[in-house]
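**Student:** Quick one, what's the 3D model for this:
(one chain, ligands or ions: 1)
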Amino acid sequence: MRSDRYQEYFTAENLMGPNSIRLLDELLETYPLPFAAENRVLDLGCGTGLTSLFIARETGATVYANDLWISEEANRERFAAWHMEDRLIPVHEDANCLSFEQDMFDAVISIDSYHYFAGKEGFFAERILPFLKPGGIALIAVPGMKNEYDGRSDELCSEWLTDEAYMFQSAEWWKTILGTHEDMVRVHTWEMAAFDQPWQEWFATGHDFAMNDQRFYEAMIKPYTCFVGMMVKKK
Ligand SMILES: C[S@@+](CC[C@H](N)C(=O)[O-])C[C@H]1O[C@@H](n2cnc3c(N)ncnc32)[C@H](O)[C@@H]1O
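**Tutor:** Next up is the predicted model:
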């Protein structure tokens, strides 16, 4: 896997949850994006921008690295330290009200972030689709429930997830929520293959949040949850 080459970045400072680079690698293996520097990708909810680094290096695109909790300045400094300032553009905006130009991006990618703000019918068509060029693609990965436990995250995982349990939904649920629109020509959601490795690499960082997650791995995370992949193709 290409993500094996990024192991030096799998640290408590860069990761904000189960290893996002493993999830991204699977999305880009399934839907390759052979881009060049003039192509623009929006990394939505990029966190520390590690996913943005992988996207820029592995697709060749220029990446707009947008996040809410991490400041533009902190990401600018990190991107300079990575010598990627010419290809990674930090942006600090709320995904609910982005101010990019219409048809600006060849692709929108979002890893372990979309569930925080987009679990509402109509969100994709109203808030994301306009920024994609005709023929553009959205690739999304979120943690969620296996299809057989759809709608049961409160009952099965609230001891672990507390008031965020409602964000954990199944691939079938996300397909419904992504919805339909005349410009959404293909919508695919699925349970991803990546599971144990991204979790184990998160635990290995020793991050406080990782240590808490690890306490629930065998009893809740492993039996009931998965990562949900989503792909939307624009006409
Ligand atoms: C668990 S972190 C994942 C970060 C990164 N994508 C990764 O996988 O390493 C979730 C990210 O979602 C972002 N986020 C949550 N709500 C958001 C919103 N309304 N607009 C933009 N980003 C948001 C947060 O800022 C946070 O960095």
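**Student:** hey, where'd the strands end up in the chain?
**Tutor:** Ranges of strands in the chain, per DSSP state E, are 40-44, 62-67, 88-92, 105-111, 132-145, 184-191, 225-234.
**Student:** Output those strands as TSV; include the columns mean pLDDT and distance to G17.
**Tutor:** Bear in mind the C-beta positions are built from the backbone N, C-alpha and C, glycine included. What follows is these, written out as TSV (pLDDT from 0 to 100; distance: least, C-beta to C-beta, whole Å):
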stretch	mean pLDDT	distance to G17
strand 40-44	98	15
strand 62-67	98	13
strand 88-92	98	20
strand 105-111	98	9
strand 132-145	98	8
strand 184-191	98	18
strand 225-234	98	11
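**Student:** Now render those strands as JSON lines, adding distance to the ligand and mean neighbour count.
**Tutor:** Listed next are those as JSON lines, based on distance: least, C-beta to the nearest ligand atom, whole Å; neighbours: other C-beta atoms under 10 Å:
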{"stretch": "strand 40-44", "distance to the ligand": "7", "mean neighbour count": "27"}
{"stretch": "strand 62-67", "distance to the ligand": "4", "mean neighbour count": "26"}
{"stretch": "strand 88-92", "distance to the ligand": "9", "mean neighbour count": "20"}
{"stretch": "strand 105-111", "distance to the ligand": "4", "mean neighbour count": "26"}
{"stretch": "strand 132-145", "distance to the ligand": "8", "mean neighbour count": "22"}
{"stretch": "strand 184-191", "distance to the ligand": "18", "mean neighbour count": "16"}
{"stretch": "strand 225-234", "distance to the ligand": "11", "mean neighbour count": "23"}
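**Student:** can I get these in a markdown table with distance to N75?
**Tutor:** Converted to a markdown table, the strands of the chain look like this (distance: least, C-beta to C-beta, whole Å):
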| stretch | distance to N75 |
| --- | --- |
| strand 40-44 | 10 |
| strand 62-67 | 6 |
| strand 88-92 | 4 |
| strand 105-111 | 15 |
| strand 132-145 | 20 |
| strand 184-191 | 29 |
| strand 225-234 | 24 |
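**Student:** Can you name the residues of the protein sitting close to the ligand?
**Tutor:** Proximity of the chain to the ligand (C-beta under 6 Å from any ligand atom) is limited to residues 16-17, 20, 45-47, 50-51, 67-70, 94-96, 111-113, 116-117.
**Student:** Let me see the ranges of the helices in this structure.
**Tutor:** Remark: helices assigned in the chain by DSSP state H are 20-30, 50-59, 72-81, 114-117, 123, 153-161, 171-178, 196-203, 208-215, 222-224.
**Student:** Tell me which of those sits most buried.
**Tutor:** Among the helices of the chain, helix 50-59 has the highest mean neighbour count (mean count of other C-beta atoms under 10 Å), at a mean of 24.
**Student:** Output it as CSV, restricted to C-alpha atoms.
**Tutor:** Taking Å, rounded to 0.1, in the frame of the first residue of the first chain, the C-alpha atoms of helix 50-59 are listed here in CSV:
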residue,chain,number,x,y,z
LEU,A,50,-2.0,14.8,7.0
THR,A,51,-4.6,13.6,4.5
SER,A,52,-4.0,16.8,2.4
LEU,A,53,-0.3,15.8,2.2
PHE,A,54,-1.2,12.3,1.0
ILE,A,55,-3.7,13.7,-1.6
ALA,A,56,-1.2,16.2,-2.9
ARG,A,57,1.7,13.7,-3.2
GLU,A,58,-0.3,10.8,-4.5
THR,A,59,-2.7,12.5,-6.9
